[in-house]
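[1] 3D model of this:
(one chain, ligands or ions: 1)
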Amino acid sequence: MTETHTEVPTLYPPPAEFAANANATEELYAEAEADRLAFWAEQANRLAWQTPFSEVLDWSDRPFAKWFVGGKLNVAYNCVDRHVEAGNGDRVAIHWEGEPVGDARTITYAELKDEVCRAANALTQLGLVAGDRVAIYMPMVPEAIVAMLACARLGVMHSVVFAGFSASALRARVEDAAAKMVITTDGQYRRGQAVSLKAGVDDALAGLDDSPVEHVVVVRRTSIDVPWTEGRDVWWDQVVPAAPAEHTPEAFDSEHPLFLLYTSGTTGKPKGIMHTSGGYLTQASYTHHYVFDLKPESDVYWCTADIGWVTGHTYIVYGPLSNGATQVVYEGTPASPTEHRHFEVIEKYGVSIYYTAPTLVRTFMKWGREIAFAHDLSSLRLLGSVGEPINPEAWRWYRLVFGNDRTPIVDTWWQTETGAAMISPLPGVTSCKPGSAMRPLPGISAKIVDDDGNELAPSPDHGEHVTGYLVLDKPWPSMLRGIWGDPERFTETYWSRFAEQGWYFAGDGARYGSDGEIWVLGRIDDVMNISGHRISTAEVESALVGHSGVAEAAVVGASDDHTGQAICAFVILKAHHADMSHEQMVDELRAEVSREISPIAKPREIHVVPELPKTRSGKIMRRLLRDVAEGRELGDTSTLVDPGVFEAIRASK
Ligand code: WTA
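    From the prediction side, this is the model:
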């Protein structure tokens, strides 16, 4: 590689040899364009249906869609059994790599099937029936995936709660869903340390007046001591291995609920996003096949997400397994025990497809390319990115250092709500511009519109850009079917902004590039994106004002070179906190947010201020606080009650 500074390319066409063997072709767009519903029917037939569907889409009760009406299938059967029945039982489903070096397991599809069947039988014995909810609060161990699939097999909805979330976050989710069971581990490894997890479950449940939870099932992972409640708590290894490995999967309606996944919205209360079976699995399988160009016989696929997020659901569990993929699942953090770990894992398993988040790419950039260059990464043939816009510099670095400047990169835009990828290049087909997710996938329709719903025109590559709102103007199979227990909030949040047109409002700002490609610019609502994790300003504000010393709090996301956005808080203290210095108070507040929500939500900065900028109607002007946080000139302050408040805020920064 030469380090001459010739002009960097702005367009990356697909390499010819990749294009020659690609799953996707240009015709896919034309086919979907010609008859969208017929196209989706064809994709649905990637799956095994016990009863075929009679209608592709029923959109009469909008915004509540029904896809593949009348069809019946079992999601777990589709992800596991049918590969065994097709003679691929010996294929590795999961190369599991534990955080402690040397702690690894290989699980074939036949073994996975037995394990899922045993777990399904054990969960049935513990009283679960179709329609129940189960919270899964686990690190990245194989049993977490087995637990999800066992729920799916039984028609029980899982609600996976990221194991980095606090006990109170778990409590709120268990309560909202009235979960009958929590599946967890005794503890988890965090950067080489075994820390407890089960204790957090006990904490969460102790805080509930009337706990819906009948059983807590505990997987032994670290062998640390755990608190125990006789009768309620059950060891996984005492019930699952003893259960029979035969289990007949029941076929459920295409619209039978599959899972709940809580995500941040613009208020403090997380929303339980609901997904159902047939449409979700169809789009998970379809996108995984084409966007990742999966060749199940030869590829080794690795998605570095956690199952606590939607990426882990769709692109670790349901997409890859429905396609019979062989994948790596890694338990730990990228720097454990050293910064070489991810590269060692790629080398060890011969990973060919690697899917990660821009924030991790920037971390690798910070560590330096020598680390990557110390390893043989030649097995990699496709790279992916998700979670936030990837800056062109990181995109080029990723391609150069991971991909030897030859692999395509798929920058996939989607959301917890969309269930699966929506806007992304097709590898082997699309010429890519670094930083752009390019265009909607075949079968998907998206537009960028202004306040009145008029579609924007393409922007020139240089100079003024016109930005607008990203909307999805046609329903899609893996779309969310609602918010658990709150149909009004569902309609209000996603379908009211462009109610007249009947479009889904994604909450992201975007612009068209000169070739009509889509550049997603990030959230335009009060949701922040910290290293690809969605956190609402309201959630953090509510954690801050939950502290007895805080009178008022305002939180904004300020741009950050490393994490995309960083949390910046402004607080007004109550008079009586006087016995503590501001510094001590700030430390305490950061710890409080971490305890209440998660370490991910810990503010980068907290400023103690005498006042907050408000409009005459009492609304906090976050836009102006963002200007302050990012050190910009202030925007329009004419609607403020007291424009002088900024002098005071600046003085305290
Ligand atoms: C952002 C993650 C730009 C976006 C799958 C979206 C992206 C939110 C991209 C959803 C991308 C995700 N380019 N922005 N490729 N992917 N986003 O629900 O703001 O955790 O609305 O789903 O992440 O985050 P969520």
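
[2] Would you map the strands across the stretch 101-250 of the chain?
    104-108, 133-137, 157-160, 181-185, 187-190, 193-196, 215-219, 233-235 (DSSP state E, counting those that start in this stretch).

[3] got the contact list for the residue in the stretch 301-450 of the chain that the ligand sits nearest to?
    Here the stretch 301-450 of the chain gets closest to the ligand at one residue, T416, 3.4 Å apart by CB to the nearest ligand atom. Just so you know, the C-beta spots here come from the backbone N, C-alpha and C atoms, and that holds for glycine as well. For T416, the residues meeting the contact criterion (CB atoms under 8 Å, 6 or more residues apart in numbering) are 261, 263, 273, 309-310, 480, 534.

[4] and if you look at A199?
    The contact partners of A199, by CB under 8 Å, 6+ apart, come to 226-227.

[5] Nearest approach to the ligand belongs to which of the strands of the stretch 101-250 of the chain?
    When the strands of the stretch 101-250 of the chain are ranked by distance to the ligand, counting by CB to the nearest ligand atom, first place goes to strand 157-160 at 12.9 Å.

[6] Show me where this protein dips below the pLDDT cut-off.
    1-7, 463, 578, 617, 636-641, 643, 652-653 (pLDDT under 70).

[7] and it, which residues reach the ligand?
    263, 309-311, 386-389, 411-416, 437, 506-508, 520, 522-523, 529, 534 (CB under 6 Å from any ligand atom).

[8] Distance of the nearest residue to P15 once chain neighbours are set aside relative to Y12?
    When the adjacent residues along the chain are set aside, P15 lies closest to R406, with 5.9 Å between them (CB to CB, 6 or more residues apart in numbering). Using CB to CB, to the nearest Å, we find R406 at a distance of 10 Å from Y12.

[9] Indicate the residue of the stretch 501-650 of the chain located nearest to the ligand.
    V520 (3.8 Å).

[10] Surely that residue forms part of a strand?
    Yes: according to DSSP: H, G, I helix; E, B strand; the rest coil, the state of V520 is that of a strand.

[11] Helix or strand: which one has the closest residue to it other than its chain neighbours?
    The shortest distance from V520 to any residue other than its chain neighbours is 4.9 Å, reached at A510 (CB to CB, 6+ apart). Element membership for A510 (DSSP states H and E) is strand 504-512.

[12] re the thing from before, and the residue of the stretch 301-450 of the chain closest to the ligand, what are its phi and psi?
    phi -50, psi -40 (degrees, to the nearest 10).

[13] that older thread, want to throw the strands of the stretch 101-250 of the chain into TSV with mean neighbour count?
    Below are the strands of the stretch 101-250 of the chain laid out as TSV (neighbours: other CB atoms under 10 Å):
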stretch	mean neighbour count
strand 104-108	15
strand 133-137	26
strand 157-160	26
strand 181-185	28
strand 187-190	22
strand 193-196	15
strand 215-219	22
strand 233-235	17
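
[14] before we move on, back to that, by neighbours, which of the contacts of T416 wins?
    Neighbours here are counted as other CB atoms under 10 Å. On that basis the top member of those is L261, with 27 neighbours.

[15] which element is that residue on?
    Here L261 is assigned to strand 257-263, by DSSP H and E.

[16] ok now that strand, how far from the chain's centre?
    12 Å (CA atoms, centre = their mean, to the nearest Å).

[17] Quick check: neighbours of that strand in the sheet, parallel or antiparallel?
    Counting by DSSP bridges, the strands paired with strand 257-263 are strand 157-160 (parallel), strand 271-276 (antiparallel).

[18] for the ones you listed, which one sits closest to A499?
    Between A499 and the strands paired with strand 257-263, the shortest separation by CB to CB is 19.1 Å, and it involves strand 271-276.

[19] any idea of the angle that closest one forms with strand 133-137?
    Angle between the axes of strand 271-276 and strand 133-137 is 110 degrees (criterion: axes from the mean of the first three to the mean of the last three CA atoms, to 10 degrees).
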